[in-house]
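Engineer: Prediction below, plus the sequence it came from.
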Amino acid sequence: MSVPNLSLETEAERPPRPAVTKRWKPSKWEPMYDEWIVRSCLGESNLSIAQRYKYTPQHVCHILNTPQAKILRRQLMESLRKGIELKTEERLAHLQDKAFQRITQLMDDDSQMASHPFAMADRAMAILKGLGIFKVDGGTVINNQKNSIFTAEVSSLIAEGMAKAKEARLLNPGTVAVDVTPTK
């Protein structure tokens, strides 16, 4: 039985003791340890790995926390991420191809154009805008059959001109309006 230290030294007066941080490391790296690391990366718990290989969870934990295991885990996770990125790029390319096929089928359908001409024209303009082929500049007027679409700047100029025309009519009440619509 040891005798307790009853000295009145404070913590500051005591010399620091070196921390014991030495961890167990395997003397020889077994191939099964690589399997443990892979299973751990795939989300399997230390307890299930230990039960599968008939070891203790502490032993599995020590192996998974060795410097060699950490390096292997990092490399494995990087390769998994790269594989996911490649698959994502392939998926996006496939989705893009499928979207173009379906848009082409829709735009080639003449019955849709006959029954919904304005909706189809609107979709076609949206596609062309998205592709960067169809651009609307500052004063450009887009004429869509009987609808005219103006930019905000052009709209304000038209509104200003109509206000001036109204003012001119009020100043000249005796002037007769002339019909300028084309005849068929």
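Structural biologist: Happy to help now that I have it.
Engineer: residue ranges with poor pLDDT in this protein?
Structural biologist: Applying pLDDT under 70 to the chain flags residues 1-14, 16, 18-21, 132-148, 175-184.
Engineer: Can you name the residues that contact residue 113?
Structural biologist: Counting by CB atoms under 8 Å, 6 or more residues apart in numbering, residue 113 touches residue 120. Every C-beta, even on glycine, is put in place using the N, C-alpha and C of the backbone.
Engineer: any idea how far it lies from residue 106?
Structural biologist: As for residue 113, its distance to residue 106 is 10 Å (criterion: CB to CB, to the nearest Å).
Engineer: Count the residues that sit near the nearest residue to residue 158 once chain neighbours are set aside.
Structural biologist: Leaving out its chain neighbours, the residue that sits closest to residue 158 by CB to CB, 6 or more residues apart in numbering is residue 150, at 6.9 Å. The tally of other residues near residue 150 (other CB atoms under 10 Å) stands at 15.
Engineer: Check residue 122 too.
Structural biologist: By other CB under 10 Å, 13 other residues sit near residue 122.
Engineer: quick one: secondary structure of the closest residue to residue 29 other than its chain neighbours?
Structural biologist: Distance criterion CB to CB, 6+ apart; nearest residue to residue 29, sequence neighbours excluded, is residue 68 at 6.4 Å. Three-state call for residue 68 (DSSP: H, G, I helix; E, B strand; the rest coil): helix.
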